[in-house]
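Enquirer: 3D, please:
(chains A and B)
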Amino acid sequence: MNGTDLIAILPLIITAATSVVVLLMVAFLPGHRGLSVVTGIGLVAVLLVLPWSAALAPRQVTPLLLVDGYALFFTALISVSGLAISVLAFGYLEGRPPGEPSIRYGNFYPLLLIAIVGGIVLASANHLASLFLGFELLSVALFGLIAYPVEHRRALEAAAKYLILAGASSAFLLFGMALLFAETGTLMFSGPSQAADAGGGYLLFGYALLVVGIGFKLSLVPFHMWTPDVFEGAPAPVGALVSTISKGAVATVLLRFLIDTDAFRNEVVIDLLALAAFASMLVGNLLALLQDNLKRMLAYSSIAHFGYLLVGIVAGGAFAAEVVGYYLVAYFATMIGAFGVITVYSRGSLVDLDQRSDYQGLFYARPWLAGTLTGMLLSLAGIPLTIGFIGKYYALAAGVEAERWWLVGALLVGSAIALFYYLRWVLVLFAPPPEGRPVVAAGVGSSAVLVVLALLLVGLGVYPQPLASLLEMDVARALVP
Amino acid sequence: MSLLLFVALPVAAAVLAWLSERRGPDWPRRVALTAGALLLGHALYLWALTGTDRFIGQGDWFLELQADWFPRFGIGFHLAMDGLALLMVLLTALLGLMAVVSAWHVRERPGFFFFNLLLTLAGVFGVFLALDLFLFFFLWEAMLVPMYFLIAVWGYERRRYAALKFFLFTQASGLLMLVSIIALALVVQRETGVLTFDYFRLLEAAIGSRGTLFSAAGWIMLGFFVAFTVKLPIVPFHPWLPDAHTQAPTAASVLLAGILLKTGAYGLIRFVVPLFPAASMEFAPVAMSLGVVGILYGALLAIGQRDLKRLVAYTSVSHMGFVMLAIFAWTELALQGAVVQMIAHGLSTGALFMLVGALQERLHTRDLNAMGGLWSQVPRLAALGLFFAVASLGLPGLGNFVGEFLILLGSWPVSAGLTVTAALGLIAAAVYALLMVQRAFHGEPGSLPSPPDLGRREMTALSTLAISLIGVGLYPSPLFETAGPALTWLRDIVDLQMALARGGWP
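Expert: Numbering: from 1, shown residues only, chains lettered A, B, ... in the order given. Presented below is the predicted three-dimensional model:
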């Protein structure tokens, strides 16, 4: 490793260093505003150094990390999302009702940064060891964040569930890796592709276990049980984190793994994923139908959305990278937006406001907030003029191109079912409001985040070409030359 | 630019209407009225220019606007206008203005109401003008959301159920169309190596000339067909219509019946048959039969309704059945008839919904059993009601008669049996129209207090529609002249492809 290598992985180094700095600040300068500002500066710095790294791409740094257009794109996406979440979290923590242990907000930011480090590692991993490393960095940090309001039973329950299931999924993942290693003698992603020609016996089993491990993290059916409880129990900004960075980064590495190991030649592996996609789209949407809790609804909707995303991944090829890119941008913006609305709305309340009754008639009390949530819900439903529609278009195009008609059919049926519950929630927002609900003003930062997300939602929904050409030229070509 | 105005002006006015609410509750409707008048003026101006040499463009297309939009997938922002599109735009502009007038007294959140109304109009204009299939779909779906809000927020007692049903039916079938659009583009890409969603280029690829019903082209055709027939609507895809039309506020009912249904018919004429002629011709007997079933079924259900608005809604199912019959007969006369029928139905049903709305505003009921004897109480309203009812039953001299007559005449050579059966619908139409007049306006006065008659605003709007309807009925040739070249162009394309299908150039 030399100096150039260090510049290539500068985003990773900066994020990690910021987490250490913030951790030290918690001990010596525990002011909330300072912590938040330093976190923000660190994440902005990551974005500023990205051009330098991009100039060096593609570059293999140690056998573990590959810095290429694909990795850098998702590094940027993860950092921006992290920034948005940290701003939302600031308003949320600041507005906690008096009487709660106030010291606690100090530890939020280092954990958030560690989760982001995990995400960046996953985006750049082309080695099973770094894949595992990223996986664990994410899981451990998330465990702490989910259990953040320690005196709330639901949060603790969610964290315990997450811990056990994350542990189990890691075990599957490790076992799968061990089998792949036994067959190929290497942990590089490029290993199994050579062994595939030899047709090793452990190989398929290894793949299957890896898919199970990853399936837990992506909450694909039938490994989805933890999702609604965790989404519901976690504080709203953490919900945004779990639903976006944690799942998105794993999807990113899954695609790279499948392409680099040439898994698309192995029909059984792809069929397994297709089956999981099929089940996720239908089950996720069906279970979301009757949820009276916004967070739980979003959880099931996120299960379905990763089903849609898998349609793109299963199609394979360079286009899969474009699908994953656009879909994740759309999904990140929308999910952070939806959780952002919950975050802003729950400011000053002892528990997060996520019940149906809390949102009844919100349009009349807080028109901008309800308007934003409406936009996010319509985007999740994939209605034109929103970014979600373009994402869904990408997934559909991939499915049609690959002629996987069962998946296309499930996507259509799933989307139709989904409309029902998204619109039901939109109707709740526009229903006659109940009397006497206190109005708490939103913070400046949180409002700004929501405004930016809403603009992004419409902007990239109406004029998708800039992002599309970036994905086509720089991201997909890095993955599939 | 002239075409962009049809999309951009309503969008701008929509935003302005919402913002202007702060200045006072009267402002949104003023903004909407101005925008509606400007749009109608612009459409009339364009109509006046046809026949002169002021238009540029290729062949029968007067105006065209093309720009890159999403080149990654060969998607362009392509708008163009031919005679068919022009007539549809005219109808949209006229009924859009009527919708604004009929919503004059919306008190609850008028800014947001007119915002949604104008956005719906922008979407419909775009649908009639879009010649890129992706753009078409984009606008097709985009117009649903504001319409959904119009029904769900300002509708009557079962508005949420109706709004949800409307959205689910149209959006789910729309997704099927999206898959068809993507599949069509990819099939063409495999043939020609170019990914494009452009209408002209897809027509040139002439995929449809080879495809029979049970080929790729046939499945793709069915995807389009289902989406358009849901919108039209035709039995068995009609259940959303009576609920949506009945529960929607008056202005939204006018838009729904007057122009949104026409987008389905327009899609069939513009896309389904020309893009997939072979499969469509093979499918035509089924489609025409569905049309005839729609005519009779709609009329029969209309006869049995107690709810006046629901009655009018079911007549739409019946009238659109004629359009379906005509489109798949695909003869010159039948197509001309379909265009006239679409316009006449828009005018007459739009007016009927305005009348029902006026009655509901005055009586607070739509129940026919509670009405009766209104002729003596509200003579102007009752007279206009009679006028539009007999227009709806197809009285000679009014627009609907011209449409239905031409459709029957044009369908006769294709299928005499179906045409005869469809003609039975005219008898049923006489029954429901006269039943409606009799129960609402004649007989003993009901128990309801005597309401005020139509005001000047309502009289002006309804007279405009009545005069237009008489115009179409007595002197329809301007419509034929405007739509004629466009329809001939479409028919030529189909003939060419059918000749190719039979092997060899004509």
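
Enquirer: Closest residue of the stretch 1-150 of chain A to chain B?
Expert: Relative to chain B, the nearest point of the stretch 1-150 of chain A is A:Phe73 (15.6 Å; C-beta to the nearest C-beta). Any C-beta I mention is one placed from the backbone N, CA and C, and that applies to glycine too.

Enquirer: wait, that residue sits on A:Leu471?
Expert: Yes: the pair A:Phe73 / A:Leu471 is scored as a contact, 7.4 Å apart, by C-beta atoms under 8 Å.

Enquirer: Could you pull out the strands in chain B for me?
Expert: Counting by DSSP state E, chain B has strands at residues B:63-70, B:75-81.

Enquirer: Check the gap between the residue positioned nearest the centre of chain B and A:Glu435 for me.
Expert: With distances taken as C-alpha atoms, centre = their mean, B:Lys262 lies nearest the centre of chain B, 1.9 Å away. Distance, B:Lys262 to A:Glu435, by C-beta to C-beta, to the nearest Å: 44 Å.

Enquirer: shaky segments in the stretch 201-350 of chain B?
Expert: B:208-211 (pLDDT under 70).

Enquirer: How much space separates the nearest residue to A:Gln291 once chain neighbours are set aside from A:Leu287?
Expert: In space, and not counting its chain neighbours, A:Gln291 is closest to A:Met297: 4.0 Å by C-beta to C-beta, 6 or more residues apart in numbering or on different chains. Distance of A:Met297 to A:Leu287, given as C-beta to C-beta: 9 Å.

Enquirer: Those two - which one has more neighbours?
Expert: Shown here are A:Met297 and A:Leu287; by other C-beta atoms under 10 Å in any protein chain shown, A:Met297 has more neighbours (27 against 21).

Enquirer: And the contacts of the helix or strand harbouring A:Trp52?
Expert: Per DSSP states H and E: A:Trp52 is located in helix A:32-56. Residues outside helix A:32-56 that contact it (C-beta atoms under 8 Å, 6 or more residues apart in numbering or on different chains): A:4, A:7-11, A:14-15, A:17-19, A:21-22, A:25-26, A:67, A:69, A:72, A:75-76, A:79-80, A:82-83, A:86-87, A:89-90, A:93-94, A:105-106, A:109, A:112-113, A:116.

Enquirer: Which of those fall within strands?
Expert: Short answer: those in strands (DSSP E) are A:Val67.

Enquirer: Quick one: closest of the strands of chain B to chain A.
Expert: Comparing the strands of chain B by C-beta to the nearest C-beta, strand B:63-70 comes nearest, at 5.2 Å.

Enquirer: Go ahead and confirm A:Ile13 touches A:Met1.
Expert: No: A:Ile13 is beyond contact range of A:Met1, at 11.8 Å (criterion: C-beta under 8 Å).

Enquirer: So the two - more neighbours on which side?
Expert: The neighbour count for A:Ile13 versus A:Met1, taken as other C-beta under 10 Å, is higher for A:Ile13 (15 against 9).

Enquirer: how about that one, what does it touch?
Expert: Taking C-beta under 8 Å, 6+ apart, one finds A:Leu6 in contact with A:Ile13.

Enquirer: Let's see that with 10 Å instead.
Expert: A:Ile13 makes contacts with A:Leu6, A:Ile7, A:Val46, A:Val49, A:Val117, as judged by C-beta atoms under 10 Å, 6 or more residues apart in numbering or on different chains.

Enquirer: residue ranges for the helices of the stretch 301-450 of chain B, please.
Expert: Ranges of helices within the stretch 301-450 of chain B are B:308-329, B:332-363, B:374-377, B:379-393, B:399-411, B:416-441, based on DSSP state H, counting those that start in this stretch.

Enquirer: Of all those helices, which one is nearest chain A?
Expert: helix B:332-363 (20.7 Å).

Enquirer: Buried by neighbour count: which residues of that closest one qualify?
Expert: Buried positions in helix B:332-363, judged by neighbour count with 16 or more other C-beta atoms under 10 Å in any protein chain shown: B:333-360, B:362-363.

Enquirer: where does A:Phe257 land in three-state SS?
Expert: Following DSSP: H, G, I helix; E, B strand; the rest coil, A:Phe257 is assigned to helix.

Enquirer: low pLDDT regions in the chain?
Expert: Looking at chain A here, since you left the chain open. Residue ranges of chain A with pLDDT under 70: A:98-105, A:192-200, A:436-440.

Enquirer: ah, I was thinking of chain B
Expert: Using pLDDT under 70, chain B drops low at B:51-59, B:208-211, B:503-506.

Enquirer: hey, which helix is longest across it?
Expert: Secondary structure of chain B per DSSP state H: the longest helix is helix B:159-192.

Enquirer: That helix near chain A at all?
Expert: Yes: with C-beta under 10 Å from any C-beta of the partner chain as the criterion, chain A is reached by helix B:159-192 at B:159-160, B:163-164, B:167-169, B:171-176, B:178-187, B:189.

Enquirer: Residue 469 - how many residues pack around it?
Expert: Chain wasn't specified; assuming chain A. By other C-beta under 10 Å, the residues close to A:Ser469 number 13.

Enquirer: actually it's chain B I care about, not the one you picked
Expert: B:Leu469 is flanked by 24 other residues according to other C-beta under 10 Å.

Enquirer: residue contacts, it?
Expert: By C-beta under 10 Å, 6+ apart, the neighbours of B:Leu469 are B:343-344, B:346-348, B:351, B:387-388, B:391-392, B:397-400.

Enquirer: Just want the residue of the stretch 201-350 of chain A that's nearest chain B.
Expert: A:Glu322 (8.3 Å).

Enquirer: what's near enough to touch B:Ala163?
Expert: Residues near B:Ala163 by C-beta under 10 Å, 6+ apart: A:423, A:426-427, B:147-153, B:155, B:240, B:243-244, B:247-248, B:252.

Enquirer: For the stretch 301-450 of chain A, give the residue positioned nearest to chain B.
Expert: A:Ala416 (3.9 Å).

Enquirer: dump the residue contacts of that residue.
Expert: Contacts of A:Ala416 (C-beta under 10 Å, 6+ apart): A:Asn285, A:Ala381, B:Leu168, B:Phe169, B:Gln171, B:Ala172, B:Ser173, B:Gly174, B:Leu175, B:Leu176.

Enquirer: Once you drop chain neighbours, what's closest to the most centrally placed residue in chain A?
Expert: The centroid of chain A falls nearest to A:Thr244 when counting by C-alpha atoms, centre = their mean (2.0 Å). Excluding its sequence neighbours, the residue lying closest to A:Thr244 (C-beta to C-beta, 6+ apart) is A:Phe332, at 4.7 Å.

Enquirer: Return the distance of the host helix or strand of the one you found from the chain's centre.
Expert: In this assignment (DSSP H and E), A:Phe332 forms part of helix A:317-345. On the basis of C-alpha atoms, centre = their mean, to the nearest Å, helix A:317-345 sits 7 Å off its chain's mean C-alpha point.

Enquirer: Can you name the next helix or strand after it?
Expert: Next along the chain from helix A:317-345, counting by DSSP H and E, comes helix A:356-359.

Enquirer: Touching both of A:Phe73 and A:Leu471, which residues are there?
Expert: The contact sets of A:Phe73 and A:Leu471 overlap at A:Ala321, A:Val324, A:Gly325, A:Val329 (C-beta under 10 Å, 6+ apart).
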